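K.L.:
Here is my input, please return the structure:
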Amino acid sequence: MRPLALLLAPLALVAADKPNIILILADDLGGRDLACFGSKYHETPNLDRLAARGVRLTQAYAASPLCSPTRSSILTGQYPARTGITAPVCHLPTVQLEKSLGKNENGKVRVLVADSVTRLKPDYHTLAEALKASGYATAHFGKWHLGHNLKAGDAYEPRDQGFDQDWPHTPKAPGPGGGYLAPWQFIADPAIKDDAGRHVDERMADEAGKFIRASKGRPFFVNFWLFSVHSPWNARKDYIEHFKQKTDPANPQKNPLYAAMVKSLDDSVGRLLKHLDDSGEADNTLIVFWSDNGGYAYPPKKTDPDGYAEIPATSNLPYRSGKASLYEGGTREPGIVVWPGKVKAGATADFLMQSVDLYPTLLRAGGATGKPDQKVDGLDQTDALLGGASPRDRVFCHFPHGNATRDSVMDGFYAGSSVRKGDWKLLRFYGRNEDGSDELELYDLKNDLGERRNLAKEQPAVAQELNGLIDGFLKDTEAVIPKANPNFGKAAPKAPAKKKALAPDDLPGGWKNRAGKAAVIEGALHIESKGADSFIGVGAGTYAGKAKLSFKIRAPQAGEGRIVLLGAAGGPEILSVPYRTSGEAVWQTITVDLEAKQTSGILRLYLPAGSAAVDLDDIVLTPHLGPDRRWEF
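P.N.:
Numbering: from 1, shown residues only. So this is what the prediction gives:
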């Protein structure tokens with residue numbers, strides 16, 4: 001028998017020349033949310049100390065202004081335009097593996113946008129798979145949102161994509177539904193319990209610490225993807241009270257609840273770093289901190305505890321707008337890289353780096369290789385991190401989603417593409433001009449970081465050059481390109497029907513509005529919420545027995561609504577069934593089973609809590625007896 005020391009020797013040699021890697025990814029954290037990146041309100045001492053141990057990247061970008069596309073870019077090294085994951089829809093049950101342009105034959109929408117892929121295909125050689133092949137122990141902790149398995153043979157979850165471990169294994173959760181504080185409603189594993197009020201990211205740090213200790217003698221890759229600071233808007237009350245005392249009305253960052261969420265994020269990172277230090281592996285560990293998209297610079301509308309719903313969660317100023325926007329606030333991130341003995345401590349760097357670059361950079365650090373037949377869009381930034389030149393002189397973003405309605409709520413949430421080269425940035429918004437042509441916006445970020453002065457007409461040569469770069473990028477990535485709907489406004493005319501004048505609270509199809517302002521925009525009902533009791537109602541007239549209601553909804557916030565049946569207007573509820581929205585501002589089809597024990601006269605659709613406004617379309621009621629009833633707007 002060979003001595004144990006000889007059996008372990010190869011592992012020791014592997015560990016000696018390869019750094020451990022910890023990749024910390026925040027969810028929805030803005031470019032100005034950390035104290036070390038300029039916040040005068042939020043408190044982030046642990047991340048500030050982390051930045052002091054390495055380099056602070058002042059021009060770090062996400063590949064997309066929404067989460068799943070950026071996450072896919074990190075694991076594959078490919079732009080979302082290439083993978084086809086261009087929207088955060090990977091929690092949906094529909095499995096769509098090929099990118100395509102959405103269809104709209106009835107002329108309701110002005111611009112046809114992409115149908116996003118809903119799973120990270122197992123064909124990709126992921127960052128985890130490459131590092132695992134190079135001798136690393138691999139583990140994923142936290143949010144995934146790149147696909148979940150529905151049947152035997154599916155392979156879309158972390159353990160299918162190169163990770164040895166996955167905690168708390170919530171692959172279909174777009175966020176911590178029900179709240180961050182234990183008991184955790186969004187975690188399916190009944191064995192995962194903790195003291196009431198404990199933050200899930202804090203517990204996650206302890207689980208990562210166990211993995212680090214168990215990997216002694218072997219290099220490890222910890223993929224630490226925080227749930228924070230995505231909705232729901234939920235935080236420790238003592239932290240909220242602390243920030244209430246230091247709120248300055250003149251500071252654009254002034255939401256105590258969000259500040260408390262950021263503090264819990266920082267606590268969790270600090271706890272993870274403490275485990276690393278205690279393990280004795282800190283000096284041989286490369287740490288990356290990033291965020292998947294810009295901060296949520298809009299009012300949350302629903303908070304726990306109440307009282308903070310009308311205060312914008314954060315401000316990304318001087319960057320324009322935030323999450324879901326093609327402007328700087330949607331993709332500019334707080335980037336930190338620590339590599340003891342390699343990266344200069346306390347440094348600041350202003351070279352361009354994008355989330356897609358993490359794949360080749362971390363592969364090189366770990367002595368790993370990708371697959372020759374897998375195109376890599378990212379650039380190896382190792383030399384730049386060590387003080388040399390960066391290979392990147394431009395960043396692209398392709399976001400083929402959004403419309404005028406979404407743009408009115410979230411500035412820049414309109415189907416488009418952008419390129420930054422040097423200090424110039426061009427945005428192309430598809431089909432937004434009155435004649436259906438693309439609208440161009442050109443900004444000089446050196447002198448106009450807030451993107452307020454459009455120079456497209458004053459600098460046509462620059463605009464033309466950058467627009468050509470976008471053309472080349474779209475061709476190279478085989479991107480799905482939004483286009484003006486040739487059928488817009490050409491819906492077949494319906495026979496005129498006699499109808500009475502509508503009262504101010506009436507909606508098309510006989511629906512009554514008991515929410516906020518409403519309008520039909522591009523063939524969908526856009527309706528504002530007035531709070532938890534906002535609903536629309538209609539005469540249903542369904543018999544006792546099994547019925548079903550399906551509808552399409554687009555909501556900018558995750559939240560729970562409900563479908564209610566009443567015997568008659570003003571009467572008691574016969575049945576109340578909840579439904580949930582993903583909160584990623586993309587169309588979802590919700591189906592609710594309704595099984596009433598008596599005839600109902602009224603159907604109410606309560607809007608999801610937390611959303612300032614939603615879009616509704618294609619509402620179909622399938623009763624126990626009789627034909628379907630359909631409402632289109």
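
K.L.:
Residue 44 contacts residue 266, doesn't it?
P.N.:
Yes: taking contacts as Cβ atoms under 8 Å, residue 44 lies within contact range of residue 266: 4.3 Å. Heads up, the C-betas are built off the backbone N, CA and C, glycines and all.

K.L.:
and for the two, which residues touch both?
P.N.:
Counting by Cβ atoms under 8 Å, 6 or more residues apart in numbering, residue 44 and residue 266 have no contacts in common.

K.L.:
In the stretch 351-500 of the chain, where is pLDDT below threshold?
P.N.:
The stretch 351-500 of the chain contains residues with pLDDT under 70 at 491-500.

K.L.:
Now the most centrally placed residue in the chain. Nearest residue, chain neighbours left out?
P.N.:
In the chain, the residue lying closest to the centroid (Cα atoms, centre = their mean) is residue 67, at 2.7 Å. Distance criterion Cβ to Cβ, 6 or more residues apart in numbering; nearest residue to residue 67, sequence neighbours excluded, is residue 292 at 4.4 Å.

K.L.:
which residues touch that neighbour?
P.N.:
Counting by Cβ under 8 Å, 6+ apart, residue 292 touches 25, 26, 27, 28, 62, 64, 66, 67, 70, 71, 355.

K.L.:
Would you quantify the distance from it to residue 174?
P.N.:
12 Å (Cβ to Cβ, to the nearest Å).

K.L.:
what sits in contact with each of these two?
P.N.:
With Cβ under 8 Å, 6+ apart as the test, residue 292 and residue 174 both reach residue 67.

K.L.:
on contacts alone, who are the packing partners of the longest helix seen in the chain?
P.N.:
Counting by DSSP state H, the longest helix found in the chain is helix 256-279. Counting by 3 or more Cβ pairs under 8 Å, 6 or more residues apart in numbering; DSSP states H and E, the packing neighbours recorded for helix 256-279 are strand 20-26, helix 45-52, helix 200-214, strand 233-234, helix 237-244.

K.L.:
What pairs with the next helix-or-strand element following the third one, parallel or antiparallel?
P.N.:
If I follow you right, that is helix 200-214. Toward the C-terminal end, the helix or strand that comes next after helix 200-214 (DSSP states H and E) is strand 220-225. Partners of strand 220-225 in the sheet, by DSSP bridges, are strand 20-26 (parallel), strand 137-142 (parallel).

K.L.:
Can you give the contact residues for the shortest one?
P.N.:
Which is strand 137-142. Applying Cβ under 8 Å, 6+ apart, the contact partners of strand 137-142 are 25, 128, 131-132, 158, 162-167, 201, 204, 207-208, 211, 214-215, 218-227.

K.L.:
Any of these buried? List them.
P.N.:
Burial by neighbour count, 16 or more other Cβ atoms under 10 Å: within those this picks out 25, 128, 131-132, 158, 162-167, 201, 204, 207-208, 211, 215, 218-227.

K.L.:
how would you label the nearest residue to residue 299 once chain neighbours are set aside: helix, strand or coil?
P.N.:
Distances taken as Cβ to Cβ, 6+ apart place residue 310 nearest to residue 299, at 5.0 Å, with adjacent residues excluded. Counting by DSSP: H, G, I helix; E, B strand; the rest coil, the backbone at residue 310 sits in coil.

K.L.:
ok, residue 310 touching residue 298?
P.N.:
No: Residue 310 lies out of contact with residue 298 (Cβ under 8 Å); the separation is 10.5 Å.

K.L.:
Comparing these two, which shows the higher neighbour count?
P.N.:
Set residue 310 next to residue 298 and count neighbours by other Cβ atoms under 10 Å: residue 298 wins out with 19 against 11.

K.L.:
Could you look up the SS state of the more buried one?
P.N.:
Once three-state DSSP is applied, residue 298 turns out coil.

K.L.:
Residue 476 too?
P.N.:
helix.

K.L.:
which parts of the longest helix of the chain are buried?
P.N.:
256-273, 275-276, 279.

K.L.:
thinking residue 25 is in contact with residue 224, fair?
P.N.:
Yes: between residue 25 and residue 224 there is a contact under Cβ under 8 Å: 7.2 Å.

K.L.:
Let's see which of the contacts of residue 292 end up in helices.
P.N.:
Per DSSP H, the subset of those in helices is 67, 70, 71.

K.L.:
and of the residues you listed, the nearest to residue 250?
P.N.:
Of all these, residue 67 has the smallest distance to residue 250: 31.4 Å, by Cβ to Cβ.

K.L.:
The closest one: what's it in contact with?
P.N.:
Residue 67 neighbours (Cβ under 8 Å, 6+ apart): 27, 28, 88, 143, 145, 174, 230, 292, 293, 584.

K.L.:
host element of the third one?
P.N.:
Residue 88 belongs to no helix or strand when assigned by DSSP H and E.

K.L.:
my guess is it contacts residue 558, does it?
P.N.:
No: with contact defined as Cβ under 8 Å, residue 88 does not reach residue 558; the gap is 10.5 Å.

K.L.:
my guess is residue 604 meets residue 566, correct?
P.N.:
Yes: contact between residue 604 and residue 566 holds when scored by Cβ under 8 Å: they sit 7.0 Å apart.

K.L.:
isn't there a helix covering residue 614?
P.N.:
No: read with three-state DSSP, residue 614 is strand and lies in no helix.
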